[in-house]
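>>> Below are the sequence and a predicted model for it; my questions follow.
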Amino acid sequence: MSVLIFIIILGVLIFVHELGHFSVAKKFGIRVDEFAVGFPPKLWSWTKNGTKYALNAIPIGGYVKIFGETADDEALNPENKDSFLNKSRWIQAAVLVAGVAFNIIFAWILFSISLMAGFPTVVTDENRANIQESFVVVTNVRENSPAYEVGLKSGDQIVGISRDEEVLGLDDITVNSIKEFISVDTTTLQLEVVRGGDTLDLSVDPEVGAIDDNNPAIGIAMARIGELQFGFFESFWQGFLMTGTVIKEIGVGFYGLLSEVFSGNGSLDNVAGPVGIVNLVDSASNFGFVYLLGFTAFISINLAILNIFPFPALDGGRLIIVLIEGVTRRRIKPSVVNAINAIGFILLLLLMLIITVNDVVNLF
């Protein structure tokens, strides 16, 4: 199910991205030869106003073929006014930036919808007034820990915990009270948790070493989580603010990762490819559909920032070429541009392969 959800999320986000390029290219009279959902083999297609619309069999993403995106003799012919390369530099830049812009706008919409419906979030002093109801929720379960062995999962609400005759009821439950209750000794605990509307009773034995070597623990992280909810118009404003905050945090994180790489301290531990994201989707889905919408918005912004990075074959790399040509007022030799983009594409594939292998290794 997590793999299926991931495929749907990825397909939707890439569709939105390509829709941005497509819409702006059409707006400025650039010929778009094909707009496809998924990758071949082709299942169904039709042509309208010179553009072939296709539905393909492999449901991971999609693509748009813009005339002149790749430099050749036909695209460079000045008589072909509908070529991307024969449009002004600012129009070319607008087409390239449109995919990123659509991903950010889409994230804003998803955040806003989530906040209207009630977005699960950690309760803080700042947002407490807009929280409807809150529970202590398991946010992470360490592999091979006592909690992991008995089937405790991220997203489980802890509504009761007891040891022999000692009981900690819902009114007394906080993150700190649960930690203190567990750390007393290694006597078997009875946990009452709510998962997907069902109440489950689990028995778990705390162990010294599950977290550290000082106190008994069962190997979980917890937080008090409630539904952050606003009215219709306020949701869009708060969604806008949330989008800006996430862009800033991802941008800072991306800058930090690059700094580590160039300083020789880079690590793949904080990077996730398709396999790693599937695991994140699994955790996100445990918190419900609304949280999954927010997670999709987060991935959409990641996709936007990655694409605007000035690396060959990415939108950002192509944008740099357009800016250089605009400043110098000279077209860079097409063969050089094509070679740069081809090398960049190969390097991106190699990087994705390395990250995917690292994700698979981490599974074991």
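Thanks, I have it.

>>> model confidence over stretch 86-100, on average?
Confidence over stretch 86-100 (mean pLDDT, whole number) is 94.

>>> which parts of it are buried?
86, 87, 91, 92, 93, 94, 95, 96, 97, 98, 99, 100 (16 or more other Cβ atoms under 10 Å). No exception for glycine: its C-beta is placed from N, CA and C like everyone else's.

>>> What of stretch 19-29?
So stretch 19-29, judged by 16+ other Cβ under 10 Å, has buried residues 19, 20, 21, 22, 23, 24, 25, 26.

>>> Residue 62 versus residue 169, what's the distance?
For residue 169, the distance to residue 62 equals 52 Å [Cβ to Cβ, to the nearest Å].

>>> which of the two has more neighbours?
residue 62 (23 against 11; other Cβ atoms under 10 Å).

>>> Helices of the protein, start to end?
Along the chain, counting by DSSP state H, helices occupy 2-27, 73-76, 89-117, 146-149, 175-182, 232-262, 274-285, 289-308, 315-328, 334-363.

>>> Return the member of the ones you listed having the minimum mean pLDDT.
helix 274-285 - the lowest mean pLDDT of the helices of the chain, at a mean of 70.

>>> From residue 238, how far off is residue 345?
39 Å.

>>> Those two: who's more crowded?
Ranked by neighbour count (other Cβ under 10 Å), residue 345 and residue 238 place residue 238 first, with 22 against 14.

>>> Walk me through the domains of this structure.
As assigned by automatic domain parsing, the chain contains the domains 2-118+238-363, 128-228.

>>> With distance to residue 287 added, can I get the buried residues of stretch 86-100 in TSV?
Output for the buried residues of stretch 86-100, formatted as TSV (distance: Cβ to Cβ, whole Å):
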residue	distance to residue 287
86	49
87	45
91	42
92	42
93	39
94	37
95	37
96	35
97	33
98	32
99	29
100	28
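
>>> Now do the same for residue 36: its pLDDT.
91.

>>> Look up how far residue 8 lies from it.
For residue 36, the distance to residue 8 - Cβ to Cβ - is 17 Å.

>>> just residue 28 next, same as before
31 Å.

>>> How about residue 300?
13 Å.

>>> Same drill for those two, tell me which one is more crowded.
residue 300 (27 against 14).

>>> Now the more buried one. Nearest residue, chain neighbours left out?
Spatial nearest neighbour of residue 300, excluding adjacent residues (Cβ to Cβ, 6 or more residues apart in numbering): residue 107 at 4.2 Å.

>>> surely that neighbour meets residue 297?
Yes. The criterion here is Cβ atoms under 8 Å, and residue 107 meets it with residue 297 at 3.9 Å.

>>> Next, show the common contact partners of the two.
243, 246 (Cβ atoms under 8 Å, 6 or more residues apart in numbering).

>>> Quick one: neighbours of the nearest residue to residue 295 once chain neighbours are set aside, just the number.
Take residue 295 and drop its neighbours on the chain: the residue closest to it by Cβ to Cβ, 6+ apart is residue 284, 4.0 Å away. Residues near residue 284, counting by other Cβ under 10 Å, number 25.

>>> Distance-wise, check residue 284 relative to residue 296.
For residue 284 relative to residue 296 (Cβ to Cβ), the value is 9 Å.

>>> now swap in residue 244 and tell me
Counting by Cβ to Cβ, the gap from residue 244 to residue 296 is 18 Å.

>>> Pick out whichever of those two has more residues nearby.
Comparing residue 244 with residue 296 by neighbour count (other Cβ under 10 Å), the higher total belongs to residue 296, at 22 against 12.

>>> ok, now which ones touch that one?
Contacts of residue 296 (Cβ under 8 Å, 6+ apart): 9, 12, 13, 110.

>>> And it, how far from residue 251?
Taking Cβ to Cβ, one finds residue 296 at 19 Å from residue 251.

>>> Give me the nearest residue to residue 16, chain neighbours excluded.
residue 106 (4.8 Å).

>>> mind listing what the one you found touches?
13, 16, 297, 300.

>>> and if we set it to 10 Å?
12-13, 15-17, 19-20, 243, 296-297, 300-301, 303-304 (Cβ atoms under 10 Å, 6 or more residues apart in numbering).

>>> same thing with residue 86?
30, 67, 68, 75, 76, 77, 78, 79, 80, 92.

>>> Output these in TSV; the columns should cover distance to residue 151.
Putting those into TSV (distance: Cβ to Cβ, whole Å) gives the following:
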residue	distance to residue 151
30	55
67	55
68	56
75	58
76	62
77	65
78	68
79	68
80	63
92	55
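
>>> just checking, residue 34 touches residue 51?
Yes. Taking Cβ atoms under 10 Å as the definition, residue 34 is a contact partner of residue 51 at 6.8 Å.

>>> center of this structure - which residue?
In the chain, the residue lying closest to the centroid (Cα atoms, centre = their mean) is residue 299, at 1.6 Å.

>>> Make sure that one is actually in contact with residue 5.
No. The pair residue 299 / residue 5 is not scored as a contact, 11.4 Å apart, by Cβ under 10 Å.

>>> Show me whatever sits in contact with both of those two.
Between them, residue 299 and residue 5 share these contacting residues under Cβ under 10 Å, 6+ apart: 281, 284.
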